[in-house]
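**Student:** pasting the sequence and the predicted coordinates here, then a few questions.
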Amino acid sequence: MLLQHDQPVAIVPKVFELLCALVEQNGRLLDRETLLKRIWPDTFVEEGNLSKLIFLLRGALGQEGSSGPYIETVPKRGYRFIAEVRRGMARPAKQPREAEAPSIAVLPFLDLSAGHDEEYFCEGIAEEILNALSRVEGLRVASRSSSFRFAGKGVDLAEAATALKVAWAVEGSVRKSGNRLSITARLVRVADGFQVWSHAFNREEGDIFEIQQEIASAIVDLAAPQLLRGAPVIRRHTTNPEAYELYLRGRYFWNRRPGEVVQQALECFQKALQLDPNFAAAHAGIADVYATLGSWEAGVLPPAEALVASRSSALKALSIDPSLSEAHTSLAYVAHHFEWDLPRAEALFRKAIDLDPAYTGAWHWHSHSLVAGGRFGESLAESSKALELDPVDLMLTFHMAWHYQMARNADKTIEYATRALQMDRQRHWGHYFLAAGYELQGRYEEAAAALREACDVSSGNPVMQAWYGYSLALAGNHREARSMARVVLALGETRGHFAYEVALIHAVLGDFDTAFNLLNRARVQRSGWMSYILVDPRLDIVRGDPRFPQLVESVALKNRSSTPAGVA
């Protein structure tokens, strides 16, 4: 830091970098080109930017004009620091409050490649470093979703760090040309904007794991190492650089789900496995994809088909690398939603969390299993932990609305649905959960309007159409509700699902025979919704029918809760 009369002088990071460069070469001329490369190593800037920094630095030092007690201008050449410089013990900088619990954010690296088409690679590098740091005990790491909100050029580092509530930030850039990599990484102390460490790597693409390991290790060594336990370890997924690049592409698409990107992710993972069949993380990626495609939310694959594919890929991943938290989570998801085995699901989720406490997916889906067992308080604790790790994740905001829907808390359902809509009105789940909250309050006309909006923004998603039909039935529009039920059921005939959703429409219409026939069809189809039949408030209308206990027995939901439906 810069002090005058023992008082700190406010100075922006780039100006401070310029001061350090000049002081380090005290008495020597530094030409403009050298200074430009030192201060902006990865970006081409005009010389006028350097002149502006010199002006600001002189102002901070109390110097006027082009010559004075500190900085001398050498016309048409550069600058020289001319004041006396003595080396001594530096005063310890005042540590930020967060130093008691070290916290850091890894921001997405900038893509400086000629074609600007390596964004997936830049994200992947940053994400792997983030994942390694998150496994260091004692270090709080801002989640991927939260950190990656600040993607792109022009990011205000102080603003990002303040929003993420971290004391340290890592940023960098990547230039990729053929098999050559040029990666620059920087560690910045947020309190004063001081660049604690910076390094440029110029290596072959195959050295990417070594580069990531060096960056992560340097960060831990510099960011309050005395408070941390353990060292960061970058997972070396494969020895094939091309397979690894395909995997990064797959994760890039996967992180942008739902939609066609899920299929693109699957294709990337499959191509990676063609190059390296023992690539455990790629097998885990495929397990994630199939579990998602077979879920009631997506409605793309028949659940039974998705069950086999997801379970097979997860088991293959674990046979290669038993430490993969993602694979344990996928297997737990299958045990819960397709096998309806809650004890096994819970054990697998616990294993996943033990292996990687920072993996929000495990906390998220474990809370689902707790809801299915009627353990709403425990579920809320798990959900809150996931949200604490990833406070701005849209999917987790949807999840909180779902939790409160199942817990029959209308106000909270509406609160989180509204929050989700404020984050993104073009995602249909926000409208869906807003409708769910209205339904719990008996505001059926408003629920139908919200679900009509969900159908519009999702371009007629069958799941949204089904729940729109349900809301129409609640609102008394039986004719249109029956029409919507026929449309969705026809889609289900070819896809092998949607029977559960249509059953609820018929239940509201009073056609219990058709409703139970469809619920039994959903059981045969292995619909994930069947794991929630003890708690789903939309089934209350049929719980008094003598066929409902028989349905529950036929589902054979293991570890059924003794908590009566509706008690949260």
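**Tutor:** Received the coordinates, thanks. Keep in mind it's a predicted model, so treat the numbers as computed, not measured. Residues are numbered from 1 along each chain as shown.
**Student:** setting aside sequence neighbours, what's the nearest residue to Trp529?
**Tutor:** Nearest non-adjacent residue to Trp529, counting by C-beta to C-beta, 6 or more residues apart in numbering: Tyr500, 4.3 Å away. To be clear about C-beta, it is placed using only N, CA and C from the backbone, and glycine gets the same treatment.
**Student:** with adjacent residues omitted, what lies nearest to Ile353?
**Tutor:** The shortest distance from Ile353 to any non-neighbouring residue, by C-beta to C-beta, 6+ apart, is to Ala362 (4.8 Å).
**Student:** burial count for the residue nearest to Trp529?
**Tutor:** Tyr500 is flanked by 25 other residues according to other C-beta atoms under 10 Å.
**Student:** so how far is Arg486 from it?
**Tutor:** 16 Å (C-beta to C-beta, to the nearest Å).
**Student:** and if you look at Tyr444?
**Tutor:** Counting by C-beta to C-beta, the separation of Tyr444 from Arg486 is 21 Å.
**Student:** tell me the SS of the residue nearest to Trp529?
**Tutor:** Local secondary structure at Tyr500 is given as helix here, using DSSP: H, G, I helix; E, B strand; the rest coil.
**Student:** report the buried residues of stretch 47-62.
**Tutor:** For stretch 47-62, a neighbour-count test (16 or more other C-beta atoms under 10 Å) marks 50, 53-54, 57-58, 60-61 as buried.
**Student:** so what's the spatially most central residue of the chain up against?
**Tutor:** The residue at the geometric middle of the chain, judged as the C-alpha nearest the mean C-alpha position with C-alpha atoms, centre = their mean, is Ser145 (3.4 Å). Applying C-beta atoms under 8 Å, 6 or more residues apart in numbering, we find Ser145 in contact with 390, 392-394.
**Student:** got it, and Arg149?
**Tutor:** The neighbours of Arg149, taking C-beta under 8 Å, 6+ apart as the test, are 163, 392.
**Student:** do Arg32 as well
**Tutor:** 47, 50, 77-79.
**Student:** just the strands from the chain, written as ranges.
**Tutor:** Remark: strands of the chain, listed N- to C-terminal, are 3-4, 7-8, 29-31, 71-74, 78-81, 103-106, 110-111, 140-141, 168-177, 180-189, 194-204; assignment by DSSP state E.
**Student:** where among those strands is the average confidence lowest?
**Tutor:** For the strands of the chain, the bottom mean pLDDT is recorded on strand 7-8, which sits at a mean of 66.
**Student:** which residues of the stretch 251-400 of the chain score low on pLDDT?
**Tutor:** Filtered on pLDDT under 70, the stretch 251-400 of the chain yields the residue ranges 299.
**Student:** surely Leu139 is in contact with Ala105?
**Tutor:** No - taking C-beta atoms under 8 Å as the definition, Leu139 is not a contact partner of Ala105, at 11.4 Å.
**Student:** look at those two and report which has more neighbours.
**Tutor:** Residue environment comparison for Leu139 versus Ala105 gives the larger neighbour count to Ala105, 28 against 24, counting by other C-beta under 10 Å.
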